[in-house]
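Colleague: Sequence plus the predicted model coming up.
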Amino acid sequence: MIGVLGGTFDPIHDGHLAMAQFARSQLDLAKVLLIPAGFPWQREPRASAEDRLRMAELAIAQQPFIEVDAREVRRHTPTYTLDTLEELRASYGSDQSFCLILGSDAFFNLPTWKEWMRVLDLAHVAVLCRPGFDLPVEHFTPPLREAWNARQSSVSDLQNSLGGRMIRLEMPPVPISSTQIRHALAHSLPSLEGLLPPPVLNYIETHHLYRLP
Ligand SMILES: Nc1ncnc2c1ncn2[C@@H]1O[C@H](COP(=O)(O)OP(=O)(O)OP(=O)(O)O)[C@@H](O)[C@H]1O
Ligand SMILES: O=C(O)c1ccc[n+]([C@@H]2O[C@H](COP(=O)([O-])O)[C@@H](O)[C@H]2O)c1
């Protein structure tokens, strides 16, 4: 099974790397594809897609089981995960299984995605709790709760099927967000240690990203 961790990554941070590592160890993933969203249609990224891609590449330089996949940056159309999974299935073959790795905030947003039920059939979903976004099932919207109740499964269920299952992974909380990092950079706060890989911080400083206009 291959993990798929998509994100705006504006910028990428240690929380994203922790997710990839935790999901890999819990699900015994062959690798994790880190996929920066080129044109995230629900967001307005501050940094360009090329800068976000470059920062992702710098972040994983020392991470043997994580690969950056540039397909969403190269695609020049609004970024739909459905398209990405269909392309991945076409290039890896029909017997390769994939697991989307989502934080709990992104998981709550799933029903707004393009053809989200088709997305759920093309891959498994692993959801990792995020500080401030608890996951009690009774707080899910009805469509998400219905999908969860029908699809919630064990690790071995995921490992023995190609897609369509959901699982919650109990990652130790990582209280980091890109918003917090952008805020600290814009206000020259000296509080970035331990939040993002040093080569990414170096790139941000060299290219004057996230400064206030
Ligand atoms: N600290 C974290 N713990 C768990 N999941 C996270 C964490 N940070 C990000 N994620 C998840 O990583 C994926 C990509 O997130 P994204 O690139 O939007 O980062 P972000 O920190 O949420 O950014 P922003 O603050 O700009 O919203 C999403 O599934 C999100 O839920
Ligand atoms: O497919 C969609 O319509 C869709 C809508 C919103 C978000 N996504 C994906 O969800 C992932 C997390 O997005 P975000 O906004 O939390 O960085 C990322 O891979 C996005 O491309 C996908």
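Modeller: Nice, I can see it. Ligands and ions are numbered 1, 2, ... in the order given.

Colleague: can we go C-alpha only for contacts and neighbour counts from here?
Modeller: Will do.

Colleague: near ligand 1, anything from the host helix or strand of residue 22?
Modeller: The secondary structure element spanning residue 22 is helix 14-27 (assigned by DSSP states H and E). Yes - for helix 14-27 and ligand 1, the contact criterion (Cα under 6 Å from any ligand atom) is met by 15-16.

Colleague: Give the other helices and strands that that helix contacts.
Modeller: Secondary structure elements in contact with helix 14-27, counted by 3 or more Cα pairs under 8 Å, 6 or more residues apart in numbering; DSSP states H and E, are strand 2-7, strand 31-36, strand 98-103, helix 155-159.

Colleague: Grab the nearest non-local neighbour of residue 56.
Modeller: Using Cα to Cα, 6 or more residues apart in numbering and skipping the chain neighbours, the partner closest in space to residue 56 is residue 12 (6.1 Å).

Colleague: State the three-state secondary structure for the one you found.
Modeller: Residue 12 carries the three-state label coil when classified by DSSP: H, G, I helix; E, B strand; the rest coil.

Colleague: That one and ligand 1: what is the separation?
Modeller: In this structure, residue 12 and ligand 1 are 6 Å apart, going by Cα to the nearest ligand atom, to the nearest Å.

Colleague: Next, format the helices and strands packed on helix 14-27 as a markdown table and append mean neighbour count and mean pLDDT.
Modeller: Shown next, in a markdown table, are the helices and strands packed on helix 14-27 (neighbours: other Cα atoms under 10 Å; pLDDT from 0 to 100):
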| stretch | mean neighbour count | mean pLDDT |
| --- | --- | --- |
| strand 2-7 | 23 | 98 |
| strand 31-36 | 24 | 98 |
| strand 98-103 | 26 | 98 |
| helix 155-159 | 16 | 97 |
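
Colleague: Kind regards, and thank you for your time.
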